[in-house]
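**Q** My questions concern the predicted model and sequence given below.
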Amino acid sequence: AQKITQTQPGMFVQEKEAVTLDCTYDTSDQSYGLFWYKQPSSGEMIFLIYQGSYDEQNATEGRYSLNFQKARKSANLVISASQLGDSAMYFCAMREPRGGNQFYFGTGTSLTVIP
Amino acid sequence: DTGVSQNPRHKITKRGQNVTFRCDPISEHNRLYWYRQTLGQGPEFLTYFQNEAQLEKSRLLSDRFSAERPKGSFSTLEIQRTEQGDSAMYLCASSFNEQYFGPGTRLTVT
């Protein structure tokens, strides 16, 4: 079974609008971490936001927020007030302590911001 | 410290040759990861070090691949007898909690 599932291969959003990128995960661990990364066309992976499994509040970092629904095992990324520079691939990832803190990545969502 | 660095950034090699990549992590990070990424895919885990100990190795990593982190600082990834299927971006990341990635080494095997 896939550890991380991102069901949206591509998304479009109008500039200045908000967009939600979906991510669901699969783990039997109680303690784990969830991450989102941005990969522009230049190729570097940029850390955006982190949510711990025991964190009761949703993580926020500037225009990024993580909609964490533990019972549904979902960790959607919300980008508010989209900018043209947000156009990139977005990857959801999970870290499990079991197996040596290995990180598992989804297949990514390509976001295009339309002016 | 300016982040994770990787060298070389690009490598073109002929099939059958050996290649070695280097990763210099963020100095205070004790964990170091190697990933492979092909076009349209997310990073695929290869191996993981905590300090100098290699704690985890993907089953996808054939015996042609070897990684070291001799002093718990920089790491090297060697691919022996390269094959065309090895062509990919090889990413290194270091972490304390969240991972920080290097710019990657793009390998092309001709």
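**A** Thanks, I have the structure now.

**Q** Could you use CA atoms for every contact and neighbour count after this?
**A** Noted.

**Q** Alongside chain A, which residues does chain B contribute?
**A** B:40-45, B:48, B:55-56, B:98-104 (C-alpha under 8 Å from any C-alpha of the partner chain).

**Q** Which of those residues are buried? Put it as a PyMOL command.
**A** With 16 or more other C-alpha atoms under 10 Å in any protein chain shown as the criterion, this PyMOL line picks the buried residues out of the residues of chain B next to chain A:
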select buried, chain B and resi 42+43+44+45+48+56+98+99+100+101+102+103+104
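
**Q** Least confident of the residues of chain B next to chain A?
**A** In terms of pLDDT, B:E98 ranks lowest among these, with 79.

**Q** Is it correct that that one is in contact with A:Y50?
**A** Yes. Counting by C-alpha atoms under 8 Å, B:E98 touches A:Y50, with 7.1 Å between them.

**Q** Common neighbours of those two, please.
**A** When contacts are counted by C-alpha atoms under 8 Å, 6 or more residues apart in numbering or on different chains, the set common to B:E98 and A:Y50 consists of A:F35.

**Q** Please name the nearest non-neighbouring residue to the residue in chain A that chain B sits nearest to.
**A** Here chain A gets closest to chain B at one residue, A:T107, 4.7 Å apart by C-alpha to the nearest C-alpha. Excluding the flanking residues, the one nearest A:T107 by C-alpha to C-alpha, 6 or more residues apart in numbering or on different chains is B:G42, at 4.7 Å.

**Q** do the same with B:G40
**A** Closest to B:G40 by C-alpha to C-alpha, 6+ apart is A:T107, at 7.4 Å.

**Q** and the one you found, what does it touch?
**A** A:5-6, A:9, A:91, B:40-42.

**Q** Within its sheet, name the partner strands of the worst-scoring helix or strand of chain A on mean pLDDT and how each one runs.
**A** One helix or strand of chain A scores below all others by mean pLDDT, DSSP states H and E: strand A:102-105, with a mean of 87. Strand pairing for strand A:102-105, using DSSP bridges, gives strand A:88-96 (antiparallel).

**Q** pLDDT averaged over the partner strand - what is it?
**A** Here the average pLDDT along strand A:88-96 is 94.

**Q** Same check on stretch A:64-77?
**A** 96.
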